[in-house]
Structure formats: C-alpha cells, structure tokens
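# no sequence on this one, just coordinates:
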C-alpha cells in the first residue's frame, strides 16, 4: 500500500492558462474523490468516481473544471482559463465502496497559485 | 446539506496537558472521520468512527450518533500534536462534509 499520490505537488500559473492535476489512488480502491481547500477552511467536495463513472459533482465544479478517470485507476482534474479565485489546495482521496469501514484516505494535495 | 460545527476553533496547550475537541453535526451520518492536518497540508487519518469509542495511543474518540456529536480526546499532549484537527461526516451520499477545524498549538 503506497498510499494516494498526487502530481504535481505545487503549480504556479498565470490567469487564463489551463492546468491539469493527476491523482493515483490506493490500488484496490474503486472510489476516488476530489476536494478543494482554501486557506483557513476545511476541504470542500468537488466530485467523485466509482470505477470510471463520475457519480456526483458539486455546484462548486464550474464548467471550467473537468475530471476524468478513464480506466478506473488514476484520475485527472483540469481547470481551463484559470482565475485567481482558483488558487487553493486540491486534494484527492480514495476508498472502497463495499465491505466494512469506507475510510477515505487523502493524498498530499496539489497547491495551485494563480497569478 | 449537512452542517458540521467544531469547537473550540483555537486551542493553546502546554505540553503534557489533556484536551477535548468537539464535533456537532446536523443529521444522521454513516461515516465520521477525524483527521490531523500537518503544517505541509497532509490530512492524516486518526479515526473512522461513525459510532462508539476507539483508542489509539494517546488519542481516543467517541461518537454518540443518536445525539449527533463526536469527541476527540488528546492526552499528555506533545508539540508534534500541533496542527489542525478536522471532523468530517458522510450522510446519504459518499462525499465528506468537513467542519471548520480546531487549530491546536502545543507549547513546550
């Protein structure tokens, strides 16, 4: 169990550019979640996948945001035409969907700064 | 949606002291997790505890689901316990809703 990994760990971009983040979940986990955390706040849910199907999206996920999990393994989160308000920590988590405890395990996050 | 409130918002402790953090939630839940967020932003799982009591070393947690609250106890605090503690709950869906956190500073 190598844990949830995320890349890159840090990203600085200029307003209007597109960015893409990657998340690799714990290998046997079929659920994958994306959250966003701004300074001084708790994380907020963005979207989640079960296998390759995207099952829920938050209203926070504007049309500039898109997430994919094409083969039910890793996931990507793309932000198009970034805005300064997109600056945040983007967190990925994974879990099992069946069995006992459905504990969500979090990755180290990608810290985005939009200039 | 479900509301999660944590108290106190800030806590300053002397090393060796004990403390209790509280999490209140507004609806029935089927998932409740406590996390410690370290200064680098990593969320570390402490407990998965939708009901009952668990202990892990100097930390323990109790959730009273019928009364919609959970408590996290830190005993004999150490400087490495500093950071932000989050309570997060899951209800009918699978997403976690986080509280605002308790910021803990343990002074040597």
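Done, it's in. Everything numeric in this text was worked out from a predicted model, so none of it was measured. Residues are numbered from 1 along each chain as shown, chains lettered A, B, ... in the order given.
# so residue A:36, which state does it fall into?
What DSSP: H, G, I helix; E, B strand; the rest coil gives for residue A:36 is strand.
# give the contact list for the closest residue to it other than its chain neighbours.
Leaving out its chain neighbours, the residue that sits closest to residue A:36 by CB to CB, 6 or more residues apart in numbering or on different chains is residue A:88, at 4.9 Å. For glycine as for every other residue, the C-beta is placed from the backbone atoms N, C-alpha and C. For residue A:88, the contact set (CB atoms under 8 Å, 6 or more residues apart in numbering or on different chains) comprises A:36, A:37, A:38, A:111, A:112.
# for the residue in chain B that chain A sits nearest to, which non-adjacent residue is spatially closest?
Chain A sits closest to residue B:98 of chain B, with a gap of 3.2 Å, by CB to the nearest CB. Distances taken as CB to CB, 6+ apart place residue A:42 nearest to residue B:98, at 3.2 Å, with adjacent residues excluded.
# now the one you found: which helix or strand?
Residue A:42 is part of no helix or strand when elements are defined by DSSP states H and E.
# quick one: contacts for it?
With CB under 8 Å, 6+ apart, residue A:42 has these contacts: B:4, B:86, B:88, B:98, B:99, B:100, B:101.
# give me the number of residues near residue B:35?
Using other CB atoms under 10 Å in any protein chain shown, residue B:35 has 23 other residues around it.
# so it sits against residue B:42, correct?
No. Residue B:35 is beyond contact range of residue B:42, at 9.4 Å (criterion: CB atoms under 8 Å).
# what touches both of those two?
Counting by CB under 8 Å, 6+ apart, the residues touching both residue B:35 and residue B:42 are residue A:106.
# how close does the nearest residue to residue B:36 once chain neighbours are set aside sit to residue A:4?
Nearest non-adjacent residue to residue B:36, counting by CB to CB, 6+ apart: residue B:44, 4.7 Å away. Distance, residue B:44 to residue A:4, using CB to CB, to the nearest Å: 12 Å.
# then residue A:112?
The value you get for residue A:112 to residue A:4, if CB to CB is used, is 18 Å.
# tell me the pLDDT of the residue most central in space within chain A.
Central residue of chain A (CA atoms, centre = their mean): residue A:34, 3.2 Å from the mean position. For residue A:34, the model assigns a pLDDT of 97.
# residue B:39 now?
86.
# isn't it right up against residue B:79?
No. If you go by CB under 8 Å, residue B:39 and residue B:79 don't touch, sitting 11.8 Å apart.
# quick one, which of the two is more surrounded?
Comparing residue B:39 with residue B:79 by other CB under 10 Å, the one with more neighbours is residue B:79, at 11 against 8.
# how about that one, what does it touch?
B:15, B:106, B:107, B:108.
# residues of chain A that sit close to chain B?
Counting by CB under 8 Å from any CB of the partner chain, chain A comes close to chain B at A:31, A:33, A:35, A:37, A:41-45, A:48, A:55-56, A:58, A:89, A:91, A:93, A:95, A:97, A:101-106, A:108-109, A:111.
# ok, now with 10 Å
Proximity of chain A to chain B is confined to A:3, A:9, A:31, A:33, A:35, A:37, A:40-48, A:50, A:55-56, A:58, A:89, A:91, A:93, A:95, A:97, A:100-111 under the rule CB under 10 Å from any CB of the partner chain.
# of those residues, select the buried ones using a PyMOL command.
Selection command for PyMOL covering only the buried members of the residues of chain A next to chain B, criterion 16 or more other CB atoms under 10 Å in any protein chain shown:
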select buried, chain A and resi 31+33+35+37+42+43+44+45+46+47+48+50+58+89+91+93+95+102+104+105+106+107+108+109+110+111
